[in-house]
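> pasting the structure only:
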C-alpha cells in the first residue's frame, strides 16, 4: 500500500547514524511530528510517497519512500537530481535526511534493503546489495521526475550499499558520500573475533520480519541485546542457539564463525571492496570517519587506493569521533566547538557541485582534513568532560609529508624510551579468559575517550610509560607495536593500547590493536606456538593523530583480553567456532638485548 504525505517547511536536524532498538521497530506510518515555520512554508515544502514497491531484476520488490520538493502540498514540476539511500535499519530513519534534501531541490529515494522491514525477499548481509543498489539507481534515473543524475548517501551499512553498487558501475551514478564504511567486512581484526559482529547479528534478528511474528522470540532477543555480556561470554556454539527459531539469522551467525580466516567467503566482491578497487565507477567521493570508529583504517585505505587509480576528486575527513560522526564530544572528552561538523551541509555542498554545477562554498581544495587531538586544557574535568582540544589540519597526502617512524622501547620498571636496553628482561601477566580485562572506551560503540587508569592497576595489564615530555610530540599515521612474547598456551591473544597520560594521571586512550598469536605469520598461515618459545608479534593499532603536550606522558598498555569488544581466546588452540572450555595462560613480554619490544609512533613536525 502506498501512502502520500505532504508537509510544508521543516527544521534542519542532523540525523543519527543508527536508530535505537525501539526506533528501528516502529512501522513506516509511525513518524515524529515535524515542526514548521512560516518563513520556510513559502519555499521549502515537500511530499513523500511511502512504500512504493520498486522491482529488482529478479522480480523481488523493495519498499521505497520517495521525497520530492513541493509547493502547497503539490510536487514541483520538472526534473531533479536524485539521492539514493538504502538501509537495513528501516527507511523511516532516513526521513529527516529526505525532508532536508527535498527542501533543497533533490528527490530522495529511501529504500529498505532486501528482506528488511517492508521489503520483499530474504536478507543476507551485503551479498545482494550490489545488484539491488545498481537496480535502484537505474530505476531512479528513469523516473519522470529525475534529471538522470543520481548520487548516493548513507552511513555504516549505508556506506557499504554505496560501495557494492559502485563496483557494478551504474551508468547514472555521478557522485557518492560514504560515511564510516570500511574496506572489508571481515570481523576478525588481527585474527581476534570482534564481538560487535555477534551483537550486530543479534540486533538484526531482533528487528527482523521473522521475529515480528514471534513475540516471545523477539522479547528474548531484545532482553539479550539490552544486556548482552552474559550471552557474549558463552561459547559460539551455545551463543548461536538463540537464533534457532530464526533459521536465516542462525545461518548468518554460523557462517561468520565458520570462516575465521580471510578466505574466499570473505573475499566475495560485496564483502571485500579492498580487492576490487578497479571495479569501482570513477566518480567523486567524499569519505568521512573518526579516530574512534572501528572502520577508520578501511576508510583511509578506500580513499588512498581509489585516489591512486581514479581521476575524479576524492576527499577524506576524519574527526575525533566514534562510529556516529560529527559531534564535538566523544566519551569523556569535549574537543571544542571546532571539532563539530554539519555533515548535511557538507553533503549539500558536495552534491550541489557535482550534480548541479554550483561552486563549492564549504569544501575547500585540500583532499584531506584530519583533526589532530591534543594541545588543549590539561586533564581537568569540567562538566564531566576532559578538554583535550585539537585542531583541523589540511593535508595533501596521508601520512603527512615528513612523517617518520620512531621506536619507543620497552624498559625495566615499566618505562618507555627511544633507546633500547642492553640487557634482556621480561614481564608476565596471567591471562584468565573467564575474568577478562573489561573494555573501557576506544573503538567500542560510542565510548571513545575513557580514563584507562583504573584498568592499568590490574595485574593482567602491563604498562610502559615515558617520562614527562619536555617538548611536544605530534603524531599522524599508523601506530604499531612490536612485541617479543612467549606463552604457556599454544595460542593466545595480545592487546595493545596507546594512551596520552595527563599530568593529573588521566590516561586518555588514543589507539588500540590486537593479534591472535596463531596468525602472527599472516591471516591464512595458521601456526600454533610451542609453549615457552619466544616469538615476534607485529600489532597494528590503527591510524590516529594526537599532540602529546609537554608534561604529558606516552603510555603503552599490554594485555591479552578486551571484553566485550573482543572475544577472549580460550587458550586451548580450538578454532573460534568450536571452543567449549577455557584455560589460564601465563603470557610473557620480553624487552632489551636481542628482543627489542617497542611502540612505533608516526612522528611529524608540529604544524
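Received the coordinates, thanks. Given the structure is predicted, the values throughout are model-derived calculations rather than measurements.
> just the helices in the stretch 151-300 of the chain please.
Along the stretch 151-300 of the chain, counting by DSSP state H, counting those that start in this stretch, helices occupy 157-166, 195-206, 209-212, 215-226, 229-232, 236-239, 247-258, 296-309.
> So which of those helices is the most surrounded?
Highest mean neighbour count among these (mean count of other CB atoms under 10 Å): helix 157-166, with a mean of 27. Any C-beta I mention is one placed from the backbone N, CA and C, and that applies to glycine too.
> one step back: I'd like the helices of the stretch 151-300 of the chain as TSV, with mean pLDDT appended.
Listed next are these as TSV, based on pLDDT from 0 to 100:
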stretch	mean pLDDT
helix 157-166	98
helix 195-206	98
helix 209-212	97
helix 215-226	98
helix 229-232	98
helix 236-239	97
helix 247-258	98
helix 296-309	98
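> Just send the ones you listed back as TSV, with distance to residue 519 too.
Below are these laid out as TSV (distance: least, CB to CB, whole Å):
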stretch	distance to residue 519
helix 157-166	25
helix 195-206	17
helix 209-212	35
helix 215-226	30
helix 229-232	22
helix 236-239	18
helix 247-258	16
helix 296-309	17
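> So for residue 537, which of those helices sits nearest?
Closest approach to residue 537 among these is made by helix 296-309 (18.2 Å; CB to CB).
> quick one: the closest one to chain centroid distance?
14 Å (CA atoms, centre = their mean, to the nearest Å).
> same question, stretch 132-144
The answer for stretch 132-144 is 28 Å, by CA atoms, centre = their mean.
> of all the helices of the stretch 151-300 of the chain, which lies closest to residue 397?
helix 296-309 (8.9 Å).
> Show me what whichever helix or strand comes after the closest one is packed against.
Later in the chain than helix 296-309, the nearest helix or strand by DSSP states H and E is strand 314-319. If you count contacts as 3 or more CB pairs under 8 Å, 6 or more residues apart in numbering; DSSP states H and E, strand 314-319 packs onto strand 285-290, helix 296-309, strand 368-373.
> Kindly reformat those as CSV containing distance to residue 104.
Formatted as CSV, those follow (distance: least, CB to CB, whole Å):
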stretch, distance to residue 104
strand 285-290, 17
helix 296-309, 26
strand 368-373, 23
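> And the ones you listed: which comes nearest residue 428?
helix 296-309 (30.3 Å).
> my guess is residue 254 meets residue 240, correct?
Yes - between residue 254 and residue 240 there is a contact under CB atoms under 8 Å: 5.9 Å.
> Am I right that residue 130 sits in a helix?
Yes - looking at residue 130 with DSSP: H, G, I helix; E, B strand; the rest coil, it is inside a helix.
> Now it. Nearest residue, chain neighbours left out?
Excluding its sequence neighbours, the residue lying closest to residue 130 (CB to CB, 6 or more residues apart in numbering) is residue 164, at 3.7 Å.
> list the contacts for the one you found?
126, 129, 130, 133, 269, 270, 273 (CB atoms under 8 Å, 6 or more residues apart in numbering).
> repeat for residue 555
Residues in contact with residue 555 (CB under 8 Å, 6+ apart) are 416, 452, 456, 463, 464, 465, 466, 498, 499, 500, 501, 507.
> now residue 444
196, 564, 565.
> Let's have the residues you listed in a markdown table, adding distance to residue 91.
Shown next, in a markdown table, are the contacts of residue 444 (distance: CB to CB, whole Å):
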| residue | distance to residue 91 |
| --- | --- |
| 196 | 23 |
| 564 | 30 |
| 565 | 30 |
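> What is the nearest of those residues to residue 292?
Closest to residue 292 out of the contacts of residue 444 is residue 565 (11.9 Å), distances taken as CB to CB.
> hang on, isn't the closest one packed against residue 196?
Yes - between residue 565 and residue 196 there is a contact under CB under 8 Å: 7.3 Å.
> now the strands for the stretch 501-607 of the chain?
In the stretch 501-607 of the chain, the strands defined using DSSP state E, counting those that start in this stretch lie at 507-516, 535-548, 553-559, 585-591, 598-604.
> between these, which one is nearest to residue 219?
strand 507-516 (34.4 Å).
> For that closest one, which helices and strands make contact with it?
Using 3+ CB pairs under 8 Å, 6+ apart: strand 507-516 touches strand 473-487, strand 493-501, strand 535-548.
> want to throw those strands into JSON lines with distance to residue 333?
Shown next, in JSON lines, are these (distance: least, CB to CB, whole Å):
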{"stretch": "strand 473-487", "distance to residue 333": "17"}
{"stretch": "strand 493-501", "distance to residue 333": "11"}
{"stretch": "strand 535-548", "distance to residue 333": "12"}
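> Give me the contact list for stretch 198-215.
Under CB under 8 Å, 6+ apart, the answer for stretch 198-215 is 21, 24-25, 88-90, 115-117, 123, 125, 217-218, 221-222, 224-225, 228, 231-232, 239, 242-243, 245-246, 248-249, 252-253, 256, 564, 567.
> Endpoints of it, how far apart?
Terminal residues of stretch 198-215 are spaced 21 Å apart (CA to CA, to the nearest Å).
> Kindly report the same for stretch 552-566.
End-to-end for stretch 552-566, by CA to CA: 29 Å.
> what about that stretch, distance to the chain center?
That offset, for stretch 552-566, works out to 19 Å (CA atoms, centre = their mean).
> got it, and stretch 163-174?
22 Å.
> what about that stretch, how long is it end to end?
13 Å.
> rewinding a little: mind checking which of the strands of the stretch 501-607 of the chain is nearest residue 579?
strand 507-516 (12.4 Å).
> Now the closest one: average pLDDT?
For strand 507-516, mean pLDDT rounds to 98.
> what about the nearest residue to residue 72 once chain neighbours are set aside, neighbour count?
Distances taken as CB to CB, 6+ apart place residue 45 nearest to residue 72, at 6.9 Å, with adjacent residues excluded. Each residue near residue 45 was counted by other CB atoms under 10 Å, and the total is 25.
> Same question for residue 424.
Residue 424 has 14 neighbours, counted by other CB under 10 Å.
> got it, and residue 57?
For residue 57, the neighbour count with other CB under 10 Å is 10.
> wait, what's in contact with the residue nearest to it when sequence neighbours are not counted?
The shortest distance from residue 57 to any non-neighbouring residue, by CB to CB, 6+ apart, is to residue 135 (5.6 Å). Counting by CB under 8 Å, 6+ apart, residue 135 touches 54, 55, 56, 57.
> Reformat the contacts of residue 164 into TSV and put distance to residue 342 and neighbour count next to each item.
What follows is the contacts of residue 164, written out as TSV (distance: CB to CB, whole Å; neighbours: other CB atoms under 10 Å):
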residue	distance to residue 342	neighbour count
126	29	19
129	28	24
130	31	21
133	26	29
269	34	16
270	31	23
273	27	26
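> of those, closest to residue 533?
Using CB to CB, these come closest to residue 533 at residue 273, 37.8 Å.
> separation between the nearest residue to that closest one once chain neighbours are set aside and residue 204?
Counting by CB to CB, 6+ apart, residue 163 is the residue found nearest to residue 273 once chain neighbours are left out, at 4.9 Å. Per CB to CB, to the nearest Å, residue 163 is found 19 Å from residue 204.
> now residue 69
In terms of CB to CB, residue 69 sits 34 Å off from residue 204.
> What of residue 264?
Computed as CB to CB, the residue 264 to residue 204 distance reads 24 Å.
> try residue 63
According to CB to CB, residue 63 stands 17 Å off from residue 204.
> Could you do residue 312 as well?
Distance from residue 312 to residue 204, by CB to CB: 34 Å.
> hey, what's residue 372 bridged with?
Residue 372 forms beta bridges with residue 391, as assigned by DSSP bridges.
> tell me the contacts of it?
Here residue 372 is in contact with 390, 391, 392, 393, 474, 476, 545, 546, 547, 607 (criterion: CB under 8 Å, 6+ apart).
> Name the member of those with the most neighbours.
Of the contacts of residue 372, with other CB under 10 Å as the count, residue 546 tops at 28 neighbours.
> contacting residues for that one?
Taking CB under 8 Å, 6+ apart, we find residue 546 in contact with 372, 373, 374, 474, 475, 500, 510.
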